[in-house]
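A.B. asks: Need a 3D model of the sequence below.
(chains A and B)
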Amino acid sequence: MSGSGVRAAAGWVLRTLGRALTVVVVTATVVFLALRLAGGDPVEAVLGGPGSQAGPEAVAAARAQYGLDLPLWQQYLVQLRNVLTLDLGDSYARRVPVSDLLTAQLPATAVLALTSLALAWVIALAVAVLATTARGRLGRAAARVLRGGELVASVLPHFWLGAVLIVVFASTLHWFPATSTPGSPASLVLPTVTLAVPLAGFLGQLVRDSLEEAESAPFATTARARGASPTRVLGRHTLRHAVLPAVSLSGWAFGSLLSGAVVVEVLFGRPGLGRLLVDATLVRDVPVVVGAVVVVALAYVVLTVVVEALELALDPRRRAGDALVAAA
Amino acid sequence: MRRALRGFTPGAWVALAVVVVMLVMVVAPGLIAPGDPTAIAPREAFEPPSLAHPFGTDESGRDVWTRVVHGAVSSLGVGLQATVIGVALAMVLGFAAGLGPRWLDAGIARVVEVLYALPTMVLALLLVTVRGPGLAASVLAVGLATAPGYARILRSRVRGVATSGYVAAARLDGLAPARVLTRHIAPNALWPLVAVLTLGIGQAVVWVAGLSFLGLGALPPSPEWGAMLNAGRVYLTTAWWLTVGPGLAITVTAAALTALGRAFGRVGVA
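C.D. replies: The predicted structure follows:
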């Protein structure tokens, strides 16, 4: 690796760390403001809202943990320190460290989100390729139907799609279980499909739009003129170009998957971060909710790093750009 | 307007028709479902969909179709309220960032970017935790959680308009800054929101219903669609129509508003 390469890598690491720091600081600030602007004694909010049955020692412990006896600006610094050091405190409702709860629930949600993401991409690519390569009157009619289907799929609410899948495939056809059992791949099927279909609709629209654009782009014509077969043009040239916008909007996919996971985990009785979050919201278990928000924010930072690497791998122009920057 | 409608695709016309039907449900639900949404008939409980009861009946024998039609006003109402809250906050942020000094713009842009990264549902749950569950809290939460998305669009729009030639011309003409803002910048920056808003109301309806479904928003026996879903969830395996009917209403509403919003965007209302 050359000196400029090392410099570029160091710059990248610093930029990534800076972004992570920004995300965590902003998240901590929003949480702080939200809790203070809600009005009332913040201890009450921390301990489960008005009428909570917290004993005096719990109140004292919460005051110390959140530094609530300090001036406001110091309280803010305490909150910031707690979040930055991932000192998330104890769950008020369950009386265990929040970090333990989160690490126990994180894998289940990660598995669900990743399988759904994979399935969504498979569906989106298949539909986009079918819709753009369809020929003839029947083919074009089918492509139009697929296009409408994409829009409907992209707005399907998870709670409704999941319920319909349960009614059809669990209680009527008995193909897949409606409730989750640990270690059973069959029980992952319906939750995965529920999360994947709306995302596939969204990704499919993006991929199809840019695939249609790429099919008539000069580089595709050049490849065809050189005698490349349609499959080769698709596989080597246009598809790679077509997935880029959808990859760049992975943040949207992240939001859709996590928002959906909240609903899906409750609907299918799956353990996971989403269900933990809903349970904590119901009893206003603030430390758990804050912890979950911080973990989600950090996961987003990891995602942006992965997406950046993917874009570099997919888009030669970006790599050329970096080389030029490094050479300058 | 007429030019805009001529650009509509058949799909957009269908969406427009659905939205008109939805508006009739809001204004005069009795025209579409003349029955009483609260009339109970215990002997007709849990009847599956039929000609007499297109969406079946619930545990007290109430007609689900009638309840869905009469629930439109509350479901679309909360969707609209949440959207107004979100856009109001976004306007404050967007105009402050777009017209304010560089440091303010940079600060707001950074904060909005991070909030936009957080999944809407996670942000909404955080806000519901602060206020405690309930319909008002969930509407507020959805409104605030969707604000970063609007703020992003508004900020770039305001910046674009504020640095445009005609605004510079208005300033050079000696117009007061307030007048430049209200006469030139605001109308041109807000115009594209028509398309985004149409889409956004549909999304907000889904988010609020989602919170109700999780038991954090409107509670049964309110005929709000999300609350109906929540009530029907217990009977999902025995009386599926209690969930499927109201869910269909939410889905059709969201799909129609999304398609209409896109059509507005395409034909250049935006």
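
A.B. asks: residues contacting A:Leu258?
C.D. replies: Applying CB atoms under 8 Å, 6 or more residues apart in numbering or on different chains, we find A:Leu258 in contact with A:Thr109, A:Ala113, A:Leu273, A:Gly274, A:Val296, A:Ala299, B:Pro119, B:Met121, B:Val122. Every C-beta, even on glycine, is put in place using the N, C-alpha and C of the backbone.

A.B. asks: Tell me which helix or strand it sits in.
C.D. replies: Here A:Leu258, judged by DSSP states H and E, is contained in helix A:250-267.

A.B. asks: list the helices and strands the lengthiest helix in chain B packs on?
C.D. replies: Scanning chain B for the helix with the most residues, using DSSP state H, yields helix B:64-99. Secondary-structure packing of helix B:64-99 (3 or more CB pairs under 8 Å, 6 or more residues apart in numbering or on different chains; DSSP states H and E): helix B:10-27, helix B:29-32, helix B:102-117, helix B:135-162, helix B:186-190, helix B:193-213, helix B:225-233, helix B:241-267.

A.B. asks: Would you single out the least confident of those helices?
C.D. replies: Mean pLDDT across these is lowest at helix B:186-190; the value there is a mean of 80.

A.B. asks: and that one, how far from the chain's centre?
C.D. replies: Centroid separation for helix B:186-190 versus its chain: 21 Å, with CA atoms, centre = their mean, to the nearest Å.

A.B. asks: Which residues does it contact?
C.D. replies: B:Met91, B:Gly94, B:Phe95, B:Gly98, B:Leu154, B:Arg157, B:Val158, B:Gly160, B:Val161, B:Ser164.

A.B. asks: one more time with 7 Å
C.D. replies: B:Leu154, B:Arg157, B:Val158, B:Val161 (CB atoms under 7 Å, 6 or more residues apart in numbering or on different chains).

A.B. asks: again, but for stretch A:275-284
C.D. replies: In contact with stretch A:275-284 (CB under 7 Å, 6+ apart) are residues A:45, A:48-49, A:93, A:101, A:105, A:262, A:265-266, A:288-289, A:292, B:122, B:125, B:128-129, B:132-133, B:214-216.

A.B. asks: picking that back up, mind putting the contacts of helix B:186-190 into TSV with neighbour count and distance to chain A?
C.D. replies: Output for these, formatted as TSV (neighbours: other CB atoms under 10 Å in any protein chain shown; distance: CB to the nearest CB, whole Å):
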residue	neighbour count	distance to chain A
B:Leu154	26	19
B:Arg157	20	20
B:Val158	25	21
B:Val161	20	25
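
A.B. asks: Could you find the closest non-adjacent residue to the most centrally placed residue in chain A?
C.D. replies: Among the residues of chain A, A:Phe254 comes closest to the average C-alpha position under CA atoms, centre = their mean, at 1.9 Å. Distances taken as CB to CB, 6 or more residues apart in numbering or on different chains place A:Leu303 nearest to A:Phe254, at 5.4 Å, with adjacent residues excluded.

A.B. asks: A:Gly255 versus the one you found, what's the distance?
C.D. replies: 10 Å (CB to CB, to the nearest Å).

A.B. asks: and the closest residue to chain B within the stretch 201-328 of chain A, how many neighbours?
C.D. replies: At 3.4 Å from chain B, A:Ser259 is the closest residue in the stretch 201-328 of chain A, using CB to the nearest CB. Residue neighbour count, defined by other CB atoms under 10 Å in any protein chain shown, stands at 24 for A:Ser259.

A.B. asks: does it really touch B:Leu123, like I thought?
C.D. replies: No - using CB atoms under 7 Å, A:Ser259 makes no contact with B:Leu123, being 9.1 Å away.

A.B. asks: one step back: looking at the contacts of helix B:186-190, which one is closest to A:Arg137?
C.D. replies: Among those, B:Arg157 lies closest to A:Arg137 (CB to CB), at 41.9 Å.

A.B. asks: Tell me how many other residues crowd the residue nearest to the closest one when sequence neighbours are not counted.
C.D. replies: Leaving aside its sequence neighbours, B:Arg157 sits nearest to B:Ala189 (CB to CB, 6+ apart; 4.4 Å). Number of residues near B:Ala189 (other CB under 10 Å) recorded here: 25.

A.B. asks: Also the one 10 residues further on?
C.D. replies: Burial measure for B:Leu199: 21 neighbouring residues, criterion other CB under 10 Å.

A.B. asks: can you check the one 5 residues further on too?
C.D. replies: Residues near B:Ala204, counting by other CB under 10 Å, number 29.

A.B. asks: do B:Ala117 as well
C.D. replies: There are 22 residues near B:Ala117, going by other CB under 10 Å.

A.B. asks: can you list the residues of the stretch 101-250 of chain B near chain A?
C.D. replies: B:110-111, B:114-115, B:117-122, B:125-133, B:202, B:206, B:209-210, B:213-216, B:229, B:236-237, B:240, B:243-244, B:247, B:250 (CB under 7 Å from any CB of the partner chain).

A.B. asks: Buried subset of the residues you listed as a ChimeraX selection?
C.D. replies: A single ChimeraX command selects the buried members of those (16 or more other CB atoms under 10 Å in any protein chain shown):
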select /B:111,114,115,117,118,119,120,121,122,125,126,127,128,129,130,131,132,133,202,206,209,210,213,214,215,216,229,236,240,243,244,247,250
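
A.B. asks: separation between the residue most central in space within chain B and chain A?
C.D. replies: Nearest to the mean C-alpha position of chain B, by CA atoms, centre = their mean, lies B:Ile201 at 1.9 Å. With distances taken as CB to the nearest CB, to the nearest Å, B:Ile201 is found 12 Å from chain A.

A.B. asks: Now do the helix or strand hosting the residue nearest to A:Phe254: which elements does it pack against?
C.D. replies: According to DSSP H and E, A:Leu303 maps onto helix A:286-314. On a contact count with 3 or more CB pairs under 7 Å, 6 or more residues apart in numbering or on different chains; DSSP states H and E, helix A:286-314 meets helix A:3-37, helix A:98-133, helix A:239-248, helix A:250-267, helix A:273-282, helix A:316-327, helix B:120-131.

A.B. asks: Distance from the chain centre to it, please.
C.D. replies: Worked out by CA atoms, centre = their mean, helix A:286-314 lies 8 Å from the chain centre.

A.B. asks: ditto for stretch A:144-159
C.D. replies: 20 Å.

A.B. asks: Likewise for stretch A:26-42?
C.D. replies: That offset, for stretch A:26-42, works out to 24 Å (CA atoms, centre = their mean).

A.B. asks: if we look at it, which residues are touching it?
C.D. replies: A:45, A:50, A:66, A:68, A:76, A:79-80, A:83, A:286, A:290, A:293-294, A:297, B:110-111, B:114-115, B:126-127, B:130-131.

A.B. asks: Check stretch A:86-95 too.
C.D. replies: By CB under 7 Å, 6+ apart, stretch A:86-95 touches A:46-48, A:65, A:96-99, A:101, A:283, A:285, A:287-288, A:290-291, A:294.

A.B. asks: For the residue nearest to B:Val21 when sequence neighbours are not counted, list the residues it contacts.
C.D. replies: In space, B:Val21 comes closest to B:Ile32 once its chain neighbours are excluded; the distance is 7.6 Å by CB to CB, 6+ apart. Shown in contact with B:Ile32 (CB under 7 Å, 6+ apart): B:Val24, B:Met25, B:Val69.

A.B. asks: For the helix holding A:Leu258, the averaged confidence score.
C.D. replies: 91.

A.B. asks: what do you get for stretch B:50-64?
C.D. replies: 85.

A.B. asks: End to end on it, go ahead and measure it.
C.D. replies: 11 Å (CA to CA, to the nearest Å).

A.B. asks: circling back: pick out the lowest-pLDDT one from the contacts of stretch A:86-95.
C.D. replies: Ranking the contacts of stretch A:86-95 by pLDDT, A:Gly48 lands last with 61.

A.B. asks: now the residue nearest to B:Val21: how far from chain A?
C.D. replies: B:Ile32 is 21 Å from chain A, by CB to the nearest CB.

A.B. asks: same check, this time on B:Glu59
C.D. replies: Taken as CB to the nearest CB, the span from B:Glu59 to chain A is 17 Å.
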